[in-house]
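*Asks:* this one's structure only:
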């Protein structure tokens, strides 16, 4: 596990690659990269580097995601027995900052897993310039994957419905066939009875003659 403690906006902040943090406003536009060199501490795989006050050669690379205003803070002043009341609101300007990588003396100690391979030196510079575009690409890929899964589920459901319809039709056909056999049997029996009756009538007629 790797992390660093940086100083920005008069505050100290513990940061890790792949996470974003809300800090004081930075004079950088959205989707632009920025490097913070005020690093107080770097920890990488158990090795801790403590600065006095800053760690020499340590840098934290990141990307500005957006600027926004924080939650409103109410400031209320009153003077007892003077009928003086003052109420003011304040919303601090803030920046959402994504941590891309932690470096020490030019060596890449930790980096966002979704944009870089530590063994690929050529991809390091590309990853640092990629910024928010990678997040957008990842989001698009996730949406496409969800759409493909939904389409596959719909196709499977349709196929299942067709199979059930065929089975129901087969069962209905099998139920009709025994009834037809019963009707044919009853018809043959009636014909046999009629034939016997005719033969009996002919025999009686021949006897009378």
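*Replies:* Thanks, I have it. Computed from a predicted model, the values in this text were never measured in an experiment.
*Asks:* when you work out contacts or count neighbours from here on, use the C-alpha atoms and nothing else.
*Replies:* OK.
*Asks:* so residue 108 is in which element?
*Replies:* Following DSSP states H and E, one finds residue 108 within strand 107-111.
*Asks:* contacts for that strand, please.
*Replies:* 2, 17-18, 44, 100-103, 118 (Cα atoms under 8 Å, 6 or more residues apart in numbering).
*Asks:* in ChimeraX, how would I select the buried members of those residues?
*Replies:* Per 16 or more other Cα atoms under 10 Å, the buried members of the contacts of strand 107-111 correspond to this ChimeraX selection:
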select :2,17,18,100,101,102,103
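*Asks:* so can I have TSV of the contacts of strand 107-111 showing pLDDT, distance to residue 79 and secondary structure?
*Replies:* Listed next are the contacts of strand 107-111 as TSV, based on pLDDT from 0 to 100; distance: Cα to Cα, whole Å; DSSP: H, G, I helix; E, B strand; the rest coil:
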residue	pLDDT	distance to residue 79	secondary structure
2	90	51	strand
17	93	49	coil
18	92	49	coil
44	91	54	strand
100	93	50	strand
101	94	51	strand
102	94	51	strand
103	93	53	strand
118	43	62	coil
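*Asks:* show me which of the contacts of strand 107-111 is closest to residue 32.
*Replies:* Using Cα to Cα, residue 100 is the member of those that sits closest to residue 32, with 11.9 Å.
*Asks:* my read: that closest one touches residue 59, true?
*Replies:* No - because the distance of 10.9 Å does not satisfy Cα atoms under 8 Å, residue 100 is recorded as not touching residue 59.
*Asks:* hey, where'd the strands end up in this structure?
*Replies:* With DSSP state E as the criterion, the chain has strands at 2-8, 11-15, 20-24, 33-36, 39-44, 47-50, 58-69, 73-79, 84-90, 93-104, 107-111.
*Asks:* out of the ones you listed, which one sits most buried?
*Replies:* Counting by mean count of other Cα atoms under 10 Å, strand 93-104 has the highest mean neighbour count of those, with a mean of 22.
*Asks:* next, the angle from it to strand 2-8.
*Replies:* Taking axes from the mean of the first three to the mean of the last three Cα atoms, to 10 degrees, one finds that strand 93-104 is oriented at 130 degrees with respect to strand 2-8.
*Asks:* what pairs with strand 93-104, parallel or antiparallel?
*Replies:* Taking DSSP bridges as the criterion, strand 93-104 pairs within the sheet with strand 20-24 (antiparallel), strand 58-69 (antiparallel), strand 107-111 (antiparallel).
*Asks:* which one of the ones you listed lies nearest to residue 37?
*Replies:* The closest of these to residue 37 is strand 58-69. By Cα to Cα, the value is 4.6 Å.
*Asks:* run the chain-centre distance for that closest one.
*Replies:* Offset of strand 58-69 from its chain centre (Cα atoms, centre = their mean, to the nearest Å): 24 Å.
*Asks:* got the angle for it vs strand 39-44?
*Replies:* Here strand 58-69 runs at an angle of 110 degrees relative to strand 39-44 (the same axes, to 10 degrees).
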